[in-house]
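Asks: Sequence below, structure please.
(one chain, ligands or ions: 1)
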Amino acid sequence: LPWKTIKEYKDILFQQYKGIAKISINRPHKHNAFTPLTVQEMSEAMELARQDTSVGVIILTGEGGKAFCSGGDQSVRGDGGYVGDDFVPRLNVLDLQRQIRTIPKPVVAMVAGWAIGGGHVLHVICDLSIAAENARFGQTGPNVGSFDGGFGASYLARVVGQKKAREIWLLCDQYDAQDALQMGLVNKVVPLEELEATTVAWCEKILEKSPLALRMLKSAFNAELDGQAGIQELAGNATLLYYLSDEAKEGKNAFLEKRKPDFSKFPKFP
Ligand code: 1HA
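Replies: Just a heads-up that it's a prediction; the model follows:
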């Protein structure tokens, strides 16, 4: 597909085709493990995709066909987090997780090969996951001295159920694409050669839908689980819709025209 580069980065590719933005980790020599820089670049690209009104859906993936993402790069793991050029330890992937969850556009994980550790959590948080037949899923934290007790545990449990989520974390086994499909961890499994075409076809279907309806739905699905922050998201969308109404415009216009607002013509719905 004629993907067009939106911005050049060191650790990721950031491309667009029609209304689809694609963020792809480009460290295949490490199975697309992330460093603080990788995450910072993904975070910036995610924000650019959010701000761009021509983008309706985002694909998250990894280059090379052998890995989606293998989690934090253990070779730059220092005391207190993953260390970048500034020697500051960071766990900034947690901020990226919240971005994926709250961006008001669908995010689709396109998974070939390994989705492991913190890389597994990234696909879990995406709205949809499409897997190639070679995809392998799992958590490794308790093997390598780490754990993600946030979305990585609680949201995973919402997706696959408590027993399965606990199995995934307590045993650190690896699961193939069919296992993942069976436990509701992915939406579809396709041959590797068809992965991108299928993912793009799903995205094109999404792009045909009402963007405001999709936006409301994403925040509605989140609201149930995300407490006050989830309600803030859903309520923010309610405010957006209200601002579009003549009733809300009357309030703003009255203020600017230094007159009393006249809401009398607006119906008091039952
Ligand atoms: O838990 C968290 C967090 C929790 C809270 C807050 C923030 C968090 C942030 C991150 C994380 C984590 O991600 S912890 C989990 C970290 N990841 C892992 O434990 C997975 C490590 N990798 C593997 O177990 C295996 O590589 C593999 C099962 C994915 C694939 O095995 P395979 O096919 O045998 O390939 P392998 O030879 O191991 O890997 C290819 C190359 O990629 C190797 O490099 P080479 O020896 O050829 O130089 C390998 O070292 C490198 N590599 C793979 N994964 C990582 C990695 N290098 C650094 N970090 C990695 N994660």
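Asks: Determine the set of other helices and strands touching the strand or helix carrying Ile206.
Replies: Taking DSSP states H and E as the definition, Ile206 sits inside helix 195-207. When contacts are defined as 3 or more CB pairs under 8 Å, 6 or more residues apart in numbering; DSSP states H and E, helix 195-207 sits against strand 20-25, strand 57-62, strand 107-111, strand 128-132, strand 188-190. Just so you know, the C-beta spots here come from the backbone N, C-alpha and C atoms, and that holds for glycine as well.
Asks: Give me the angle between that helix and strand 57-62.
Replies: Helix 195-207 runs at 160 degrees relative to strand 57-62, counting by axes from the mean of the first three to the mean of the last three CA atoms, to 10 degrees.
Asks: What pLDDT does the model give Leu1?
Replies: If you check Leu1, the pLDDT there is 88.
Asks: and what of Cys69?
Replies: pLDDT for Cys69: 98.
Asks: How many neighbouring residues does Gly19 have?
Replies: 19 (other CB atoms under 10 Å).
Asks: can I assume Asp85 is in contact with Leu37?
Replies: Yes - the pair Asp85 and Leu37 passes the contact test of CB atoms under 8 Å, sitting 7.3 Å apart.
Asks: where does the stretch 101-250 of the chain come near the ligand, residue by residue?
Replies: When proximity is defined by CB under 6 Å from any ligand atom, the stretch 101-250 of the chain lies next to the ligand at 114, 116-118, 140-141, 144, 146, 148.
Asks: can you give me the strands in this structure?
Replies: 4-8, 12-17, 20-25, 57-62, 67-69, 77-78, 81-83, 89-90, 107-111, 114-116, 128-132, 136-138, 175-176, 188-190 (DSSP state E).
Asks: Give me the neighbour count for Arg77.
Replies: The number of residues packed near Arg77 is 16, by other CB under 10 Å.
Asks: How about Pro104?
Replies: Here the number of neighbours of Pro104 (other CB under 10 Å) works out to 16.
Asks: ok, the nearest residue to it once chain neighbours are set aside - contacts?
Replies: Closest residue to Pro104 apart from its sequence neighbours, by CB to CB, 6 or more residues apart in numbering: Arg215 at 4.4 Å. Arg215 makes contacts with 104-105, 237, as judged by CB atoms under 8 Å, 6 or more residues apart in numbering.
Asks: how close does Leu256 sit to Ile116?
Replies: Using CB to CB, to the nearest Å, Leu256 is found at 55 Å from Ile116.
Asks: er, Thr239 I mean
Replies: Distance from Thr239 to Ile116, by CB to CB: 40 Å.
Asks: Those two - which one has more neighbours?
Replies: Ile116 (23 against 11).
Asks: Give me the nearest residue to that one, chain neighbours excluded.
Replies: Ser70 (4.8 Å).
Asks: how close does that neighbour sit to Gln174?
Replies: Distance, Ser70 to Gln174, using CB to CB: 12 Å.
Asks: of those two, who's got more company?
Replies: Ranked by neighbour count (other CB under 10 Å), Ser70 and Gln174 place Ser70 first, with 25 against 16.
Asks: Isn't the more buried one up against Ala33?
Replies: Yes - Ser70 lies in contact with Ala33 (CB under 8 Å); the separation is 4.7 Å.
Asks: which residues do these two both contact?
Replies: Shared contacts of Ser70 and Ala33, defined by CB under 8 Å, 6+ apart, are found at Gly119.
Asks: still on that earlier bit, can you give me the angle the helix holding Ile206 makes with strand 128-132?
Replies: 160 degrees.
Asks: List the buried residues in helix 195-207.
Replies: 195-196, 198-200, 202-203, 206-207 (16 or more other CB atoms under 10 Å).
Asks: The most centrally placed residue in the chain: what's it in contact with?
Replies: Taking CA atoms, centre = their mean, the centroid of the chain lies closest to Ile100, which sits 3.0 Å from it. Taking CB under 8 Å, 6+ apart, we find Ile100 in contact with 46, 60, 107, 122, 125-126.
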